[in-house]
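starting from these lines, generate the structure:
(one chain, ligands or ions: 1)
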Amino acid sequence: MIPLLILGTGPAASLLAIALARHDIPAQVIGRPRTAPAVEGLSQRVVAALKQLGCHEALALLGPRWHRVSSWNAQEVEMNGEFVVDRVAFDAALLRDVRAAGVDLRDGLVRELERGEGGGWCVRWEDVDGRQQRTDTALLVECRGHTAPKMAPDLHAGPTLVSLGRTFDGARAQPRTTFIESFPSGWAWGGVDPQGCAHIQVVMRPASVAAFDGDLDLAHAAALAQLTRLPQRFGRQLKATGAARARGIQAALRGAVAGNGYLRVGDAAYTCDPLSGHGMFEAASGAIATVPVIKTLLQRPAQAELARGYLRERIEAVFFSRIEVARQHYAAETHWEDEPFWQWVTQPVATRPSVARVTGPAAFATLPVVEDGFIVERRVVVSAEHPRGVRFIDGIDLGRLDALLQAGAAIVPADIGCHLGAPADAVARALRWLQTHSLLTRAGHRSGDFTTARGAFNDEKNPV
Ligand SMILES: Cc1cc2nc3c(=O)[nH]c(=O)nc-3n(C[C@H](O)[C@H](O)[C@H](O)COP(=O)(O)OP(=O)(O)OC[C@H]3O[C@@H](n4cnc5c(N)ncnc54)[C@H](O)[C@@H]3O)c2cc1C
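The predicted structure is shown next:
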């Protein structure tokens with residue numbers, strides 16, 4: 001039995017395997033590389049993650065950043081650029097990085113998962129020659145994307161949308177540019193390059209495709225006919241180089257994302273609306289955040305439930321914040337608010353109680369956090385603004401600072417700084433932050449007292 005097995009060969013699986021290798025945690029990866037073509041944009045934040053993990057092959061593929069222009073609510077704005085990739089080539093480059101990191105990577109189609117004896121898993125898969133294989137593992141990390149089998153009902157599932165993508169020649173040659181435009185029955189994302197090659201995706205309700213008897217080319221053409229700004233940019237002489245291709249879209253949060261001997265990462269855990277263009281960022285950040293969870297499960301099994309709880313809460317909080325940001329962005333488009341698409345995507349979303357638990361004033365709470373590469377419990381300040389907690393202000397551990405104050409320490413930044421091994425001005429800023437959040441409430445140290453305590457704390461010398 002191997003200790004750790006990752007299923008999938010997309011960004012989540014690859015980046016998790018590389019991040020674990022960088023922490024000297026060996027994992028085996030089994031997956032069938034992507035073959036379905038797709039053009040996607042990735043942000044500077046994904047590039048930062050690729051650099052952090054030393055993914056040289058993937059970085060070499062990116063080329064220059066594309067201009068990004070958005071036409072939304074009748075306003076055209078130039079935004080942060082993005083990098084446009086062919087996902088088959090990008091995923092293949094990441095897999096070369098996986099191999100370069102020394103990860104044991106197997107090309108295989110996973111057929112079946114079964115609970116093994118003693119709490120592990122038995123994975124049945126087919127290798128490239130069609131031979132049936134079996135791998136037993138103690139810890140399974142599911143990264144097979146949004147089609148990964150569910151282990152429990154979804155905790156949230158938004159409306160189903162469809163994206164139709166088509167590639168063209170004959171566009172107006174120009175510096176690499178991506179363009180987003182809203183229209184009555186949806187929105188479009190297109191990219192055009194200096195050779196006049198363009199790729200345009202339109203996102204609509206499935207009914208808008210059904211209206212053309214499922215003819216994807218006709219549905220795509222009808223959507224393009226609703227656009228005004230994008231055709232001005234790309235030119236009106238577009239010649240399709242192939243058929244339109246459909247991809248399903250649904251913002252969904254899976255149930256049982258962290259169970260006994262089992263974790264889900266990337267789209268296998270939750271999918272966002274591609275309006276955000278964040279799917280690969282979510283996969284990358286989710287993979288990086290899962291490393292201390294896996295380290296805790298493998299090396300401190302007594303803390304396993306704490307680590308799993310940390311991952312569950314992180315996934316739920318991130319998911320609900322992402323779908324609320326997408327909803328607000330859709331709501332900012334007010335020209336078609338009576339159209340079915342726009343009514344659909346602006347419906348309020350009921351947040352799960354575990355995520356919405358902080359509604360009152362800021363307060364100290366004991367929550368799982370990452371420390372020295374493991375998940376541990378520490379006191380942090382939770383608030384509606386920071387439901388997952390704030391632990392440090394200016395490098396000062398707020399829990400330790402509060403413990404000192406509760407034990408009777410005078411509110412003198414220099415003295416506290418000596419105790420914590422930290423500069424007095426950093427302590428002063430942390431105290432000010434606690435005061436601002438009405439958390440400097442120890443008897444005799446009511447909010448506001450500390451500025452004059454013992455006369456030693458001087459606002460002018462310690463501006464906050
Ligand atoms: C229409 C659309 C447009 C999008 N546009 C963007 C965008 O512009 N920018 C962006 O960042 N994100 C975008 N996304 C989201 C992005 O595609 C995903 O969030 C991202 O690919 C998630 O990575 P992942 O590794 O979790 O899953 P995936 O990329 O889906 O990887 C899953 C992997 O598992 C493999 N696999 C599946 N089943 C098996 C099996 N049985 N056995 C073995 N292997 C298997 C697959 O071949 C694949 O390699 C878009 C999504 C959609 C639907």
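
who's in contact with Phe183?
Shown in contact with Phe183 (Cβ atoms under 8 Å, 6 or more residues apart in numbering): 223, 226-227, 336. C-beta: built from backbone N, CA, C; applies to glycine.

keep only those of these that are in helices.
Residues of these located in helices (DSSP state H): Ala223.

secondary structure class of Cys182, three-state.
I think there's a mix-up here, since residue 182 is Ser and not Cys. Following DSSP: H, G, I helix; E, B strand; the rest coil, Ser182 is assigned to strand.

residues contacting it?
Residues in contact with Ser182, defined by Cβ under 8 Å, 6+ apart, are 71-73, 333, 335-336.

picking up where we left off before, which of the contacts of Phe183 has the most neighbours?
Neighbour counts for the contacts of Phe183 peak at Ala223, which has 25 neighbours (criterion: other Cβ atoms under 10 Å).

beta-bridge partners for the closest residue to it other than its chain neighbours, please?
Nearest non-adjacent residue to Ala223, counting by Cβ to Cβ, 6 or more residues apart in numbering: Val202, 3.9 Å away. Beta-bridge pairing for Val202 (DSSP bridges): Leu164, Ala188.

the longest helix seen in the chain: what's the following helix or strand?
As assigned by DSSP H, the longest helix anywhere in the chain is helix 304-331. Scanning forward in sequence from helix 304-331 by DSSP states H and E, the next helix or strand is helix 340-345.

what lies in contact with that next one?
159, 161, 184-186, 204-205, 207-208, 273, 326-327, 330, 333, 336-337.

stretch 197-209: how far from the chain's middle?
Chain-centre distance of stretch 197-209: 24 Å, with Cα atoms, centre = their mean, to the nearest Å.

give me the distance between the two termini of that stretch.
In stretch 197-209, first residue to last residue: 25 Å (Cα to Cα, to the nearest Å).

likewise for stretch 163-183?
14 Å.

go through it and flag the buried ones.
Buried residues in stretch 163-183, defined by neighbour count with 16 or more other Cβ atoms under 10 Å: 163-168, 170-172, 176-183.

before we move on, the earlier item: tell me which of the contacts of Ser182 is nearest to the ligand?
Of all these, Trp72 has the smallest distance to the ligand: 16.3 Å, by Cβ to the nearest ligand atom.

what's the following helix or strand after the helix or strand encompassing Ala48?
Assigning secondary structure by DSSP H and E places Ala48 in helix 44-52. Later in the chain than helix 44-52, the nearest helix or strand by DSSP H and E is helix 56-62.

so what touches that next one?
Taking Cβ under 8 Å, 6+ apart as the rule, helix 56-62 contacts 42, 47, 50-51, 83, 85, 89-90, 93-94, 96-97, 100.

tell me if that helix is near the ligand.
No: Helix 56-62 stays clear of the ligand (Cβ under 6 Å from any ligand atom), getting no nearer than 12.8 Å.

list the buried residues for that helix?
The neighbour-count check on helix 56-62 (16+ other Cβ under 10 Å) flags 57-58, 61-62 as buried.

still on that earlier bit, from the contacts of helix 340-345, which one has the minimum pLDDT?
Among the contacts of helix 340-345, Asp273 carries the lowest pLDDT, at 84.

isn't it right up against Ile323?
Yes: between Asp273 and Ile323 there is a contact at 6.9 Å, judged by Cβ atoms under 8 Å.

can you pull the phi/psi pair for Arg124?
Main-chain torsions, Arg124, degrees, to the nearest 10: phi -100, psi 130.

I'd like the distance between it and the ligand.
Going from Arg124 to the ligand by Cβ to the nearest ligand atom, to the nearest Å gives 11 Å.

residue contacts, that residue?
Counted by Cβ under 8 Å, 6+ apart, Arg124 has contacts 110-114, 132-134.

which among the residues you listed are in contact with the ligand?
Among those, the residues that sit close to the ligand (Cβ under 6 Å from any ligand atom) are Val110.

grab the nearest non-local neighbour of the residue of the stretch 101-250 of the chain found nearest the ligand.
The ligand sits closest to Gly145 of the stretch 101-250 of the chain, with a gap of 2.5 Å, by Cβ to the nearest ligand atom. Once flanking residues are discounted, Gly145 sits nearest to Asp267: 4.4 Å by Cβ to Cβ, 6+ apart.

from Gly10, how far off is the one you found?
Separation of Asp267 from Gly10 (Cβ to Cβ, to the nearest Å) stands at 7 Å.

what sits in contact with each of the two?
145, 283.

please name the residues that touch the residue nearest to Gly145.
Contacts for Asp267 (Cβ under 8 Å, 6+ apart) come out as 10, 12, 145-146, 148, 279, 282-283.

and the helices in this protein?
Under DSSP H, the chain gives helices at 11-22, 44-52, 56-62, 87-100, 206-210, 216-225, 229-234, 279-299, 304-331, 340-345, 398-406, 413-420, 424-436.

what about stretch 20-34 and the ligand, touching?
Yes: counting by Cβ under 6 Å from any ligand atom, the ligand has neighbours in stretch 20-34: 31-34.

okay, which residue is most central for the chain?
Of all residues in the chain, the one closest to the mean position by Cα atoms, centre = their mean is Glu282, 1.9 Å from it.

what's near enough to touch the closest residue to that one other than its chain neighbours?
Nearest residue to Glu282, sequence neighbours excluded (Cβ to Cβ, 6+ apart): Cys272, at 6.2 Å. Cys272 is in contact with 251, 278-279, 282, 319, 322-323, 326, counting by Cβ under 8 Å, 6+ apart.
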